[in-house]
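J.: Task: produce atomic coordinates for the following.
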Amino acid sequence: MINSVTIAGYLGSQPELMFVGEDQVEVCNMSIAVQTGKDKTLWVKVTAWKKTAVFCADYLKAGSFIVVSGRLDNEVWQDADGSKKQQMKVIAEAVQSPKTK
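T.: Residues are numbered from 1 along each chain as shown. Presented below is the predicted three-dimensional model:
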């Protein structure tokens, strides 16, 4: 099965860099506003790991236009009330921020 996605849009806020696990692996979470129609915007959660995460934290800022290539992931968890929650997100494999004139 193929699981591949490419999206382009603007960062809604500063990328959030964290370090997880015993090895302190870099992970960066972001939200991208993607135009889906004339007056419609879809907010997409993106997670980047390791070198890609560091690039995002060091070079991107709120409002940056970026292109993300990666794969879709469905995160599932239980909240404090025991209700099942889920959220679709993109696991970034490559992030580009093209220069504009």
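
J.: CA only for contacts and neighbour counts going forward, please
T.: Fine.

J.: Run the chain-centre distance for stretch 7-20.
T.: 6 Å (Cα atoms, centre = their mean, to the nearest Å).

J.: distance between the ends of that stretch?
T.: The straight-line separation of the ends of stretch 7-20 (Cα to Cα, to the nearest Å) is 26 Å.

J.: what do you get for stretch 77-84?
T.: 6 Å.

J.: same question, stretch 36-52
T.: End-to-end distance for stretch 36-52, by Cα to Cα: 26 Å.

J.: Give me the residue ranges of the chain where confidence is low.
T.: Scanning the chain for pLDDT under 70 picks out the ranges 99-101.

J.: is it true that V20 touches C28?
T.: No. The criterion here is Cα atoms under 8 Å, and V20 misses it with C28 at 10.4 Å.

J.: Nearest residue to the most centrally placed residue in the chain in space, please, no chain neighbours.
T.: Most central in the chain under Cα atoms, centre = their mean is V46, positioned 1.3 Å from the mean C-alpha point. Spatial nearest neighbour of V46, chain neighbours left out: V90 (4.7 Å); criterion: Cα to Cα, 6 or more residues apart in numbering.

J.: on that earlier part again, neighbour count: V20 and C28, which is higher?
T.: Between V20 and C28, C28 has the larger neighbour count (other Cα atoms under 10 Å), namely 22 against 9.

J.: Which strands or helices does the strand or helix carrying A33 pack on?
T.: Assigned by DSSP states H and E, A33 falls within strand 25-37. In terms of contacts (3 or more Cα pairs under 8 Å, 6 or more residues apart in numbering; DSSP states H and E), strand 25-37 is packed against strand 5-11, strand 16-20, strand 40-49, helix 50-59.

J.: tell me which residues in the first one are buried?
T.: Taking 16 or more other Cα atoms under 10 Å as the basis for neighbour counts, the residues of strand 5-11 that come out buried are 7-11.

J.: what number of residues lie near R71?
T.: 16.

J.: and it, helix, strand or coil?
T.: Using DSSP: H, G, I helix; E, B strand; the rest coil, the structure places R71 in strand.

J.: Tell me if I'm right that it and M1 touch.
T.: No. Using Cα under 8 Å, R71 is not in contact with M1; the gap is 11.6 Å.
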